[in-house]
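J.: Give me a 3D structure for the following:
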Amino acid sequence: MGTPPSSSPLKRTPLYEAHKALGAKIVSFGGWEMPVEYSGLADEHRAVRERAGLFDVSHMGRSG
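T.: Numbers count the residues shown, from 1 in each chain. Next up, the predicted model:
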């Protein structure tokens, strides 16, 4: 998953530090450092089904 390495540095969303502080597993995706997992697929699925989910869209439609 993710993108091949490039010579340019990966970009970070304004929420990057919050994702890291919450223990997110960060991966390279489309030139951005993005959270992909926090506590595990099953646990996160249950959380969204029983409570709410949030997706950081601050990287979408931005080139830099």
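J.: For the rest of this, base every contact and every neighbour count on C-alpha atoms.
T.: Will do.
J.: The chain: helices as residue ranges?
T.: Counting by DSSP state H, the chain has these helices, from start to end: 16-21, 41-50.
J.: Go through those and pick out the most buried.
T.: Of all the helices of the chain, helix 16-21 carries the top mean neighbour count, a mean of 14, counting by mean count of other Cα atoms under 10 Å.
J.: what's that one packed up against?
T.: The helices and strands touching helix 16-21, judged by 3 or more Cα pairs under 8 Å, 6 or more residues apart in numbering; DSSP states H and E, are strand 32-37.
J.: if I pick the residue nearest the centre of the chain, what's in contact with it?
T.: Nearest to the geometric centre of the chain sits Pro35, at 2.2 Å (Cα atoms, centre = their mean). Applying Cα atoms under 8 Å, 6 or more residues apart in numbering, we find Pro35 in contact with 19, 24-27.
J.: quick one: which of the helices of the chain is nearest Ser58?
T.: helix 16-21 (10.2 Å; Cα to Cα).
J.: Cool, thanks, signing off.
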